[in-house]
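Q: can you look at this prediction? I've put the sequence above it.
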Amino acid sequence: MLKNKWVNASIWILIASIIILSPIILNKTAIMGVDSYFHYNRVYESAMQLRHWNFSFLNLYSFQHAGRVVDQVYSPLVTYFFGAILLVVHNWIRFQILSIMLVLYVAGISMYAAAQKLKLTHHLSVTLSLIYLSSFSIYSFIFGTNWRALSMAIVPLLVGSIVTLYHGNWSSKDMLRLGIVIALLAQIQLLTMLLVLPILLPFFIRGLRHAQHKLVQLGKLLISILTALILSLNVILPYFELVQGDTILPPSKLVLAQGVTNLIVPSDKLTQSLSIAILCLIFYLCLGGLIYFWKQTSTFVRLLLITASIYIILGTSLTPWMAIEKSWPMLANFLQLPRRFTIIGIPLLLLGAGQLYENLPVTKVGNRQQLLSYIGTILAVASVLTLTLAVTKPVSAYNNPTVKLAKGLQTSKNHAIGHHYQGKKVKKIVDIQPAFHTRNLSTLIQIVDRTTPDYVPVDKVNDMISYYVLYDQQIINKQHNYNYQVKPAGILQLNWHSQQAKALQVPVVAYHRTTITLNGKVLKHSQIKQTNLGAVIVKARAGKNTLQLSYQPRLSTQIGIWLAMLGWLLIPIIWCYQKLAAHISTRKH
């Protein structure tokens, strides 16, 4: 088995992943970051919907039971997959270890597959895999459960399609594969998919110019577009349905100029990892090598490295992001961090470096491939080991009784509200550690309220309003006056007692397709008043009150979701059928 190069590569990737995770595993200490509670709420929601077989557009079990739509517009299919993992492993510490291990492995094996597609040696392919899985593109999943790292784990899978596009002889099978990879990116994170698509353009243009039957090739490209579109309907249609009927609060606005990573000057101290320094060295080796060996370098490698360099530089301070933000202020909400470009350029840089130096003519240096493998191994070992050391830092902090909750979660003290757990109020980051080890999955979600008002329906987006403060005031601070129940058929129910009949702001939000039933009577939207955050104001009666929320998507949205689900179910069936047919054919011959 070890002689099989794929098995061999998998073993090295798994060993590197275990080494990186060893501080968490050996200390039995989970770590969290700025996005962790947001995504753990989403995963918990999916797990509970699967456990109770109670599916809804609304987040019924998470996000303060506020009736929000989050999972359905943010990688629903992938989140259900992670929710299933959570149900299988029974606690959050095992989930964290397994989910990080999975992301590191996928990143490594997809980079290995890309390197093999470019016909790099096995040894070099493995070293590039180890450098990539421990790189700046991926390790944010370890420190903050950053979802873009999950999407970056599969970006190298596009390299096969890039090669196909470049040569201009596109088969229907190749275009189908391209559509599937793009759809998979869309399933994880739409923004990453949109930022990645321009990479294909120079290779597409070159391939189309050299294609003999251009119209035929364009027809085959249409297969890719339709495949990606159909498989992404479950993500696209719910989002469009939401934004067509409501003004949705976008993600937090960040200053673009502060969200860069100057990979070309390795001075960023995000962690103790040498990843940025190593990638900086590779960047300049590629830049110098590309200029010096321009004539000996193929057009493909030139395009690959030029594209990588453009993306890397776009994510640095060399790009005038302050001026760009003044011209297009909405980028501060949706792009948020220009380093997203740099992160996308990294896999192209690594593969371009391998292609550039492995395919150069033999010089006086001696055994070129042996030297290249040796240097690559040193860089891979340095990248893996220094990332391991970097992981020890938050592990140590999460065992430090002086580190406050908000600091451990990388947010301000007003945006992480601890409740009572094990007889005391959660104030320190160590206080939440037991919640990772209990089989009661709701504990971790309920003992801390992390303020994240993304995707709530507001009257209008006003940059002068702090929606974080409004969410605390209208949702988090009021929720403990109500009793919440999740009913079958995707119904969220609130019960409370009122001393007198009065207008009351309830800590739930309502979208244009949310159905609200108050004390057995379905309310028309004209009867409902809402705050500037979308929270519901109803006329409560004296005594016991019951309010129910449900969400009924449009028929077209439901059909689109089922079409996408059917498509994803057919893909492994078709793949298995093709493999079986090929095996039978081989045995006959």
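A: Ah, there it is. Not measured: the values here are computed from a predicted model.
Q: can you tell me how far residue 83 is from residue 441?
A: Distance from residue 83 to residue 441, counting by Cβ to Cβ, to the nearest Å: 10 Å. Backbone N, C-alpha and C define where each C-beta goes, glycine included.
Q: what is in contact with those two at once?
A: Common neighbours of residue 83 and residue 441, using Cβ atoms under 8 Å, 6 or more residues apart in numbering, are 44, 47-48.
Q: need the buried ones from the residues you listed selected in PyMOL.
A: Buried residues within the shared contacts of residue 83 and residue 441, by 16 or more other Cβ atoms under 10 Å, are selected in PyMOL with:
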select buried, resi 44+47+48
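Q: save the shared contacts of residue 83 and residue 441 as JSON lines, and put in distance to residue 470 too.
A: Shown next, in JSON lines, are the shared contacts of residue 83 and residue 441 (distance: Cβ to Cβ, whole Å):
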{"residue": "44", "distance to residue 470": "24"}
{"residue": "47", "distance to residue 470": "29"}
{"residue": "48", "distance to residue 470": "27"}
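Q: name the nearest of the shared contacts of residue 83 and residue 441 relative to residue 123.
A: Distance to residue 123, by Cβ to Cβ, is smallest for residue 47 among the shared contacts of residue 83 and residue 441, at 40.6 Å.
Q: and the closest residue to that closest one other than its chain neighbours, what pLDDT?
A: Among residues not flanking residue 47 along the chain, residue 83 sits closest, at 3.7 Å (Cβ to Cβ, 6 or more residues apart in numbering). Residue 83 carries a pLDDT score of 97 in this model.
Q: helix or strand: which one has residue 83?
A: Take DSSP states H and E as the rule and residue 83 turns out to sit in helix 76-89.
Q: next: residue 565.
A: Applying DSSP H and E, one finds residue 565 within helix 555-588.
Q: just checking, what packs against that helix?
A: helix 76-89, helix 214-231, helix 233-245 (3 or more Cβ pairs under 8 Å, 6 or more residues apart in numbering; DSSP states H and E).
Q: partners of the next helix or strand after the last one in the sheet?
A: What it means is helix 233-245. Once the chain leaves helix 233-245, the next helix or strand it forms, by DSSP H and E, is strand 247-248. Here strand 247-248 has these sheet partners by DSSP bridges: strand 457-458 (antiparallel).
Q: run through who's touching the partner strand.
A: 246-249, 467, 509-512, 530, 532-534.
Q: which parts of the stretch 401-550 of the chain are helices?
A: 405-408, 442-446, 467-471 (DSSP state H, counting those that start in this stretch).
Q: and of the ones you listed, who's closest to residue 98?
A: Of the helices of the stretch 401-550 of the chain, nearest to residue 98 by Cβ to Cβ is helix 442-446, at 15.6 Å.
Q: what comes up buried for the closest one?
A: 443-445.
Q: and if you look at stretch 391-401?
A: Here stretch 391-401 shows 391-392, 394-395, 397-398 as buried, counting by 16+ other Cβ under 10 Å.
Q: hmm, who's touching it?
A: 20-21, 23-24, 27, 29-33, 142-143, 271-272, 403, 408, 428-430, 433.
Q: can you rerun that using 10 Å?
A: With Cβ atoms under 10 Å, 6 or more residues apart in numbering as the test, stretch 391-401 has contacts from 19-33, 100, 139, 142-144, 271-273, 403, 407-408, 410, 428-433, 436.
Q: need the nearest residue in space to residue 529, chain neighbours excluded.
A: Per Cβ to Cβ, 6+ apart, closest to residue 529 is residue 537, 4.0 Å.
Q: tally of neighbours for the one you found?
A: 13 (other Cβ atoms under 10 Å).
Q: and it, what is it in contact with?
A: Contacts of residue 537 by Cβ under 10 Å, 6+ apart are 503-506, 528-531.
Q: likewise for residue 107?
A: 13, 17, 129, 132-135, 137-139, 141, 149-150, 152-156, 347.
Q: restricted to helices, list the residues you listed.
A: The helices, defined by DSSP state H, take in 13, 17, 129, 132-133, 141, 149-150, 152, 347 from the contacts of residue 107.
Q: highest neighbour count among those?
A: Neighbour max across the ones in helices among the contacts of residue 107 (other Cβ under 10 Å) = residue 132, 33 neighbours.
Q: that one contacts residue 105, doesn't it?
A: No. Using Cβ atoms under 10 Å, residue 132 is not in contact with residue 105; the gap is 11.7 Å.
Q: shared neighbours, the two?
A: With Cβ under 10 Å, 6+ apart as the test, residue 132 and residue 105 both reach 13, 153.
Q: still on that earlier bit, can you list the helices and strands packed on helix 555-588 in CSV and add mean neighbour count?
A: As requested, those are exported to CSV (neighbours: other Cβ atoms under 10 Å):
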stretch, mean neighbour count
helix 76-89, 19
helix 214-231, 16
helix 233-245, 19
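Q: okay, buried residues for the lowest-mean-pLDDT helix or strand in the chain please.
A: Here the helix or strand of the chain ranked lowest by mean pLDDT, DSSP states H and E is helix 331-334, holding a mean of 82. Applying a neighbour-count criterion of 16+ other Cβ under 10 Å, one finds 331-332 buried in helix 331-334.
Q: numbering from 16 from now on, please.
A: Yep, numbering from 16; the last one is helix 346-349 now.
Q: got the contact list for that helix?
A: Taking Cβ under 10 Å, 6+ apart as the rule, helix 346-349 contacts 206, 209, 264-272, 274, 336, 339-340, 343, 353, 476, 478.
Q: of all residues in this structure, which one is nearest the centre?
A: residue 162 (2.2 Å; Cα atoms, centre = their mean).
Q: now the angle between helix 229-246 and the helix holding residue 580, please.
A: Computed by axes from the mean of the first three to the mean of the last three Cα atoms, to 10 degrees, the angle separating helix 570-603 from helix 229-246 equals 120 degrees.
Q: helix 570-603 to helix 248-260, inter-axis angle?
A: 170 degrees.
Q: how close does residue 296 sit to residue 390?
A: 10 Å.
Q: likewise for residue 212?
A: 33 Å.
Q: just checking, residue 339 touches residue 350?
A: Yes. Counting by Cβ under 10 Å, residue 339 touches residue 350, with 9.2 Å between them.
Q: more neighbours, those two?
A: Comparing residue 339 with residue 350 by other Cβ under 10 Å, the one with more neighbours is residue 350, at 22 against 16.
Q: where does the prediction get shaky in the stretch 466-604 of the chain?
A: Filtered on pLDDT under 70, the stretch 466-604 of the chain yields the residue ranges 603-604.
Q: repeat for the stretch 16-165 of the chain
A: 16-18.
Q: show me where it has strands.
A: Under the criterion DSSP state E, counting those that start in this stretch, the stretch 16-165 of the chain carries no strands.
Q: ok, of the buried residues of helix 457-461, which one's closest to residue 320?
A: residue 459 (44.1 Å).
Q: nearest residue to that closest one other than its sequence neighbours?
A: Nearest to residue 459 is residue 450, by Cβ to Cβ, 6+ apart, at 4.1 Å.
Q: the one you found reaches residue 111, doesn't it?
A: No. If you go by Cβ under 10 Å, residue 450 and residue 111 don't touch, sitting 11.9 Å apart.
Q: residues contacting residue 315?
A: Residue 315 touches 133, 177-178, 181-182, 218, 221, 367, 370, counting by Cβ under 10 Å, 6+ apart.
Q: again, 7 Å this time
A: Listed by Cβ atoms under 7 Å, 6 or more residues apart in numbering, the contact partners of residue 315 are residue 181.
Q: what helix or strand does it sit in?
A: helix 314-329.
Q: may I see the buried residues of the next helix or strand after that helix?
A: Next helix or strand after helix 314-329 toward the C-terminus (DSSP H and E): helix 336-342. Neighbour-count burial for helix 336-342 flags 336, 339-340 (criterion: 16+ other Cβ under 10 Å).
Q: isn't residue 305 right up against residue 318?
A: No. Contact criterion Cβ atoms under 7 Å: residue 305 and residue 318 do not qualify, at 10.9 Å.
Q: report how many residues lie close to the closest residue in space to the residue nearest to the centre of the chain that isn't next to it in sequence.
A: Distances taken as Cβ to Cβ, 6+ apart place residue 204 nearest to residue 162, at 5.6 Å, with adjacent residues excluded. Summarising burial for residue 204: neighbours were counted as other Cβ under 10 Å, giving 23.
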